[in-house]
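A.B. asks: From the sequence below, what's the structure:
(one chain, ligands or ions: 1)
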Amino acid sequence: MIAAMALSLSSCCSAPKEESMSDLTNRVFAMAAEQCKLMDKQLDDSVSPRTFTPQGIFVPTTLSWWCSGFYPGTMWYIYKQTGDEQIKALSDKHTRKLADVAACASGHDIGFQYWCSYGNGLLETDNKDYLPTLEEASAMLARRFNPTVGCIRSWGRVDDTNDFQVIIDNMMNLELLMEASRLFKCDSLANIANTHAKTTMANHYRNDNTCYHVLHYDQTNGQCVRKRTAQGYADESSWARGQAWGLYGYAMMYRETQDAAYLEMAEKIAKALMPRLPEDGMPYWDYDCPAIPYTYRDVSAGAIMASALVELSGETKDAAFAAECKAMAEKQIRSMASDKYMCTIAGKNGCFLLMHSVGNLHGTEKNTIQEVDAPLTYADYYFLEAILRFNALYK
Ligand code: GLY
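C.D. replies: Got it, this is the predicted structure:
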């Protein structure tokens, strides 16, 4: 009798069983597929998704905006997981909307735009129709490289002689160059990517392995003349998404090259960031914002970081550190998949999946489009990527 009571007491008081990653994956991808299909209905051929304002207004953007590859890329990931043919057709349709490379090539973001869309399309379908656009996009990006500086110009016209600005985000565009270098047997594309990654390692990073957002170079001699932020709290602070771009960029460059310097850099960045994350693993928008904890999370930074940490956990030779990266990535994925951060009602949240990202807080102060505490298309993309990578390594 007493034993039976003890048993029933222990079963009624035990913690709820944790959802398996397999159930989490099915739940998240089912919701993502529903949202993406509904999203398609609010777009025409000239726009792609940008955000959804706190006032409930869906904000699309032109195809030249740096984020135009993420919506088709998100659907390529859904297709990879589910095999849903309707999603495949939608991915293809929204990928091909970006066929006019010149119209989209206003900056370095061409790597985001074309690798996430055409690149993933090629990987998932082996459709050779996607190759010419990828080749054109990589050539367009390579034209922004300046050998004196050793970097690809981020902002401004390619022929601007006055100011040469490089942002940490640009590390992400190197994946297009590395992949295109192999696809089109063009070593110079990989050389450009490696030179950019090495120059960034030398100049963008501080002694504590956090990075600046924007560097200005003198293109007559390649000297860095100014280090600052554009989207972070302050020049010397650590803007969360910038830190995530750098982490992802160096883990990706190690995958692409097996150069140990990139692995070491990614490890150092992860070791600098992980202890500074809040309990649920979702970073505040800037690690040094004095208003923490009374300020915004940036779920997009958490999603990019989760994906990078999974990759790094499979790369590092240090077993204890690999386990740390895996555990943090899993925590971040579980947080994002909770109703604190993920939309659970189809058609709500502007048909985006995740809530609570920060695009550009300062932009908002200047009354530009609200992207604060809002959904962002790239948060959804890197969230699904993180789950796929996690399952590929740890299923
Ligand atoms: N420029 C890309 C970003 O806002 O992270």
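
A.B. asks: thinking Tyr382 is in contact with Ala303, fair?
C.D. replies: Yes - assessed by C-beta atoms under 8 Å, Tyr382 is found in contact with Ala303 at 3.8 Å. Every C-beta, even on glycine, is put in place using the N, C-alpha and C of the backbone.

A.B. asks: Tell me who's in contact with Ala308.
C.D. replies: By C-beta atoms under 8 Å, 6 or more residues apart in numbering, the residues touching Ala308 are Ala244, Leu247, Tyr248, Ala251, Met252, Ala266, Ala270.

A.B. asks: rerun at 6 Å
C.D. replies: Leu247, Tyr248, Ala251 (C-beta atoms under 6 Å, 6 or more residues apart in numbering).

A.B. asks: If you count contacts, what does whichever helix in the chain runs longest end up packed against?
C.D. replies: Secondary structure of the chain per DSSP state H: the longest helix is helix 21-41. With contacts taken as 3 or more C-beta pairs under 6 Å, 6 or more residues apart in numbering; DSSP states H and E, helix 21-41 sits against helix 70-82.

A.B. asks: The residue of the stretch 201-350 of the chain found nearest the ligand: which element?
C.D. replies: In the stretch 201-350 of the chain, no residue comes nearer to the ligand than Arg241, which is 4.6 Å away by C-beta to the nearest ligand atom. Arg241 belongs to helix 240-257 when assigned by DSSP states H and E.

A.B. asks: just Arg389 next, same as before
C.D. replies: With DSSP H and E as criterion, Arg389 is part of helix 377-394.

A.B. asks: Ok, Asn207 next?
C.D. replies: Counting by DSSP H and E, Asn207 is part of no helix or strand.

A.B. asks: Give me the neighbour count for it.
C.D. replies: 5 (other C-beta atoms under 10 Å).

A.B. asks: ok, now how distant is it from Glu236?
C.D. replies: Spatial separation of Asn207 from Glu236 under the definition C-beta to C-beta, to the nearest Å is 12 Å.

A.B. asks: can you check Asn209 too?
C.D. replies: From Asn209 to Glu236 the distance is 14 Å (C-beta to C-beta).

A.B. asks: Neighbour count: the two, which is higher?
C.D. replies: Asn209 (18 against 13).

A.B. asks: what secondary structure does the residue in the stretch 51-200 of the chain that the ligand sits nearest to sit in?
C.D. replies: Proximity of the stretch 51-200 of the chain to the ligand (C-beta to the nearest ligand atom) peaks at Asp169, 4.5 Å away. Secondary structure for Asp169, judged by DSSP: H, G, I helix; E, B strand; the rest coil, is helix.

A.B. asks: pretty sure it contacts Trp245?
C.D. replies: Yes - taking C-beta atoms under 6 Å as the definition, Asp169 is a contact partner of Trp245 at 4.8 Å.

A.B. asks: tell me the mean pLDDT for the longest helix of the chain?
C.D. replies: Mean per-residue pLDDT for helix 21-41: 98.

A.B. asks: Run a quick neighbour tally on Ser300.
C.D. replies: 29.

A.B. asks: ok, and it, which helix or strand is that part of?
C.D. replies: Counting by DSSP H and E, Ser300 is part of helix 299-315.

A.B. asks: Next, please give the residue ranges for the strands of the stretch 101-250 of the chain.
C.D. replies: Under the criterion DSSP state E, counting those that start in this stretch, strands of the stretch 101-250 of the chain are mapped to 145-146, 151-152, 164-167, 214-217, 224-228.

A.B. asks: which one of these has the most crowded surroundings?
C.D. replies: Mean neighbours per residue, mean count of other C-beta atoms under 10 Å, is largest over the strands of the stretch 101-250 of the chain for strand 151-152, with a mean of 29.

A.B. asks: mean confidence for the helix holding Ser300?
C.D. replies: 98.

A.B. asks: So which residues make contact with whichever helix or strand comes after that helix?
C.D. replies: Sequence order places helix 319-336 as the next helix or strand after helix 299-315, per DSSP H and E. Residues outside helix 319-336 that contact it (C-beta under 6 Å, 6+ apart): 274, 280-282, 302, 306, 309-310, 312-313, 316, 383, 386-387.

A.B. asks: does the ligand sit close to the next helix or strand after helix 319-336?
C.D. replies: Scanning forward in sequence from helix 319-336 by DSSP H and E, the next helix or strand is strand 357-358. No - if you take C-beta under 6 Å from any ligand atom as the test, strand 357-358 misses the ligand, and the best it gets is 9.2 Å.

A.B. asks: per-residue confidence averaged over strand 357-358?
C.D. replies: Mean predicted lDDT for strand 357-358 stands at 96.

A.B. asks: For it, which strands pair with it and how are they oriented?
C.D. replies: strand 372-374 (antiparallel) (DSSP bridges).

A.B. asks: do the strand it pairs with and the ligand meet?
C.D. replies: No - using C-beta under 6 Å from any ligand atom, strand 372-374 stays clear of the ligand, coming no nearer than 12.4 Å.

A.B. asks: before we move on, back to that, report the distance from the longest helix of the chain to the chain centre.
C.D. replies: 18 Å (C-alpha atoms, centre = their mean, to the nearest Å).

A.B. asks: what's the angle from that helix to helix 70-82?
C.D. replies: 140 degrees (axes from the mean of the first three to the mean of the last three C-alpha atoms, to 10 degrees).

A.B. asks: Run through who's touching helix 21-41.
C.D. replies: 49, 75, 78, 81-82, 84, 87, 90, 337, 346-347, 351, 353, 387.

A.B. asks: Redo those as TSV? Include neighbour count and pLDDT.
C.D. replies: Shown next, in TSV, are those (neighbours: other C-beta atoms under 10 Å; pLDDT from 0 to 100):
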residue	neighbour count	pLDDT
Pro49	28	97
Met75	33	98
Ile78	26	98
Gln81	20	98
Thr82	17	98
Asp84	18	98
Ile87	24	98
Leu90	22	98
Ala337	22	98
Ala346	14	97
Gly347	12	97
Cys351	24	98
Leu353	29	98
Ile387	26	98
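
A.B. asks: got a markdown table for those residues, with distance to the ligand too?
C.D. replies: Listed next are these as a markdown table, based on distance: C-beta to the nearest ligand atom, whole Å:
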| residue | distance to the ligand |
| --- | --- |
| Pro49 | 15 |
| Met75 | 21 |
| Ile78 | 23 |
| Gln81 | 25 |
| Thr82 | 28 |
| Asp84 | 29 |
| Ile87 | 26 |
| Leu90 | 25 |
| Ala337 | 22 |
| Ala346 | 28 |
| Gly347 | 27 |
| Cys351 | 21 |
| Leu353 | 18 |
| Ile387 | 21 |
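
A.B. asks: All set now, cheers.
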